[in-house]
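# how would this look folded up:
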Amino acid sequence: MGNLLASLYTGNTGLDANSIGVGVVGNNIANSNTVGYKASRAHFGDLMNQFVVGSAGGTSQLGLGVGLERIERMFTQGALQSTGVPTDLAISGDGFFVTRGTAGGVTQNFYTRAGQFRFDEEGFLVNQAGFRAQGFNADPAGVLAATLSDVRLSKRNLEPKATDAVEIQANLRPDDPIIAGGFNVATPDTTSSYHASMVLYDSLGNAHQVDLYGTQTAQGTWDMNLVVPGDDVAGGQAGQPVAINLGQLQFDQNGLLQNDGVANPVNIAWNGANAGAVSFNFGDAINNGGTGRAGTTQWNLVSESATTFISQNGYGTGDLERLSISEQGVISGGFTNGQTLVLGQIATARFADPTELQAVGGNAFVETPDSGQPNIGAPQTGGRGMIFSGTLEQSNVEISDQFIDLIAYQRGYQANARTIQTADGLLQEVFQLLR
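Numbering: from 1, shown residues only. Predicted structure coming up:
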């Protein structure tokens, strides 16, 4: 009779275990559309702690049912779905986003695979719970910090940069006329045979349209002059352009740049701004250890002297126009002045055993002694996965698998209920013996 009573309790453990299994499956199904959700599964173990004596004198063990050993999170990769929102982020591979916030009166780091982020009114990158994403902010020059902090978009405009370097590649024809009198700013077209225009920027971000003229004063010798509008320079007058002599370029009989005589840097006294100190690079002159071929040359290859390449490194003020986030989590800002600047980097974390993380709701986890300490760093380093911008990771719940598990738990529950029913019927037979 004792074993019959034990059978009641054994059947009850089966009811408890299978009901837990149904609860696990139900939670998985409920979160099948939750971004970044990771499915759970229940692990059961048998209970064997009763010994019975056999007729032959030996002892045997009688199982006393089943018990829950563990409910495990399965951190398999979920499908990635494109959203087109730059701040929607997904991790492909190992790792968690690191967020920081206050819950239950405790401020700490929370770890999540859900990447539904946005920039709040203060410029912080936050998730749907308002927790701030952690990462590495950049200084005004775009250099990332080494210290982990709240990711914040603090730069919404880009300060101007004065031009301090100009690179020019051109070909000056040796058959162009030699003008013994040199360049005259009053008659630039007739006292030069090379002309190029460019825009230079001062320290306030003002753009200045300037002209570069080249005059061959002797065979293979060219005077280079920069012409600036008079009202753009200190002491100048509107309508009276000012010529600034840059120096001479000399070519050898092979048409190679023999000597670059530009006296760099060239000082330009911009009106109302700091004086500019601009270096003009016409090529790798032989006298400076170069080949004479990489920049400006003197060959009869074209019908006229002309520029093949020109660039300068200044720009005006720019407003933040767009954001992009790379696979390494680097946040870059595109500005209206055509410049791009690194604004920060999102950090991710790895754990030795992520299945031991403690879920605290809201798709968030906290570390435990069994999970190990977080290994926080840049994505795509140290085994951490890559970041996909404009993408969200979907739940890894497979509905068909959950339905099969649900059927199994249902049948298990029914079978254990029948065990209890059978044991109860046998006990009733025993009580009938007393009549």
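# need the next SSE after the helix or strand bottoming out on mean pLDDT in the chain, C-terminal direction.
The helix or strand of the chain with the lowest confidence, counting by mean pLDDT, DSSP states H and E, is strand 40-53 at a mean of 80. As assigned by DSSP states H and E, the chain's next helix or strand after strand 40-53 is strand 59-73.
# what's the nearest residue to Val278 if we skip its chain neighbours?
Spatial nearest neighbour of Val278, excluding adjacent residues (Cβ to Cβ, 6 or more residues apart in numbering): Val266 at 5.1 Å. In this view, the C-beta of every residue, glycine as well, is placed from N, C-alpha and C.
# How many residues are close by the one you found?
If you count neighbours by other Cβ atoms under 10 Å, Val266 ends up with 17.
# Low-confidence stretches in the chain?
1-4, 49-59, 301-302, 434-435 (pLDDT under 70).
# residues contacting the residue nearest in space to the middle of it?
Closest residue to the average C-alpha location of the chain: Gly329 at 2.1 Å, with Cα atoms, centre = their mean. Applying Cβ atoms under 8 Å, 6 or more residues apart in numbering to Gly329 gives the contacts Gly135, Gln345, Ile346, Ala347, Thr348, Ala378, Pro379, Ile387.
# please redo it, this time with the cut-off set to 10 Å
89, 91, 97, 133, 135-136, 151, 344-348, 377-381, 384, 386-387, 389 (Cβ atoms under 10 Å, 6 or more residues apart in numbering).
# Helix or strand: which one has Asp223?
For Asp223, the enclosing helix or strand under DSSP H and E is strand 221-228.
# circling back to that earlier point, who's in contact with the residue nearest to the residue nearest to the centre of the chain when sequence neighbours are not counted?
Once flanking residues are discounted, Gly329 sits nearest to Ile346: 3.7 Å by Cβ to Cβ, 6+ apart. By Cβ under 10 Å, 6+ apart, the contact list for Ile346 reads 87, 89, 91, 97-98, 115, 117, 125, 133-136, 151, 325-326, 328-331, 378-379, 387, 389.
# all helices of this structure, in order?
Under the criterion DSSP state H, helices of the chain are mapped to 2-30, 399-432.
# Relative to Thr215, how far out is the closest residue in space to Thr191 that isn't next to it in sequence?
In this structure, Thr191 finds its nearest non-sequential neighbour in Asn184, 4.4 Å apart by Cβ to Cβ, 6+ apart. According to Cβ to Cβ, to the nearest Å, Asn184 stands 9 Å off from Thr215.
# Kindly report the same for Phe110.
From Phe110 over to Thr215 the distance is 69 Å, taken as Cβ to Cβ.
# Could you do Ser40 as well?
81 Å.
# Counting neighbours, go ahead and name the busier of the two.
Thr215 (24 against 19).
# how about the more buried one, what does it touch?
Per Cβ under 10 Å, 6+ apart, neighbours of Thr215: 176-184, 188, 191-194, 221-225, 248.
# Quick one: residues contacting Pro229.
His208, Gln209, Val210, Asp211, Gly236, Gln237, Ala238, Gly239, Gln240, Pro241, Val242, Asn271 are the contacts of Pro229 under Cβ under 10 Å, 6+ apart.
# among the residues you listed, who's most crowded?
Val210 (23 neighbours).
# Name the nearest residue to it, sequence neighbours excluded.
Nearest residue to Val210 in three dimensions, chain neighbours excluded: Val228, at 5.1 Å (Cβ to Cβ, 6+ apart).
# shouldn't the one you found be in contact with Asp211?
Yes - contact criterion Cβ atoms under 10 Å: Val228 and Asp211 qualify, at 8.3 Å.
# shared neighbours, these two?
With Cβ under 10 Å, 6+ apart as the test, Val228 and Asp211 both reach Val185, Pro241, Ala243.
# Including distance to Gly23, could these go into TSV?
Converted to TSV, these look like this (distance: Cβ to Cβ, whole Å):
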residue	distance to Gly23
Val185	88
Pro241	84
Ala243	86
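# And these, which is closest to Asn31?
Lowest distance from Asn31 to these (Cβ to Cβ) belongs to Pro241, with 71.8 Å.
# hang on, the closest one packs against Val210?
Yes - Pro241 is within contact range of Val210, at 9.3 Å (criterion: Cβ under 10 Å).
# Quick check: neighbours shared by those two?
Common neighbours of Pro241 and Val210 (Cβ under 10 Å, 6+ apart) are Val227, Val228, Pro229, Asp232.
# Next, work out how far apart the residue nearest to Gly329 and Glu121 are.
20 Å.
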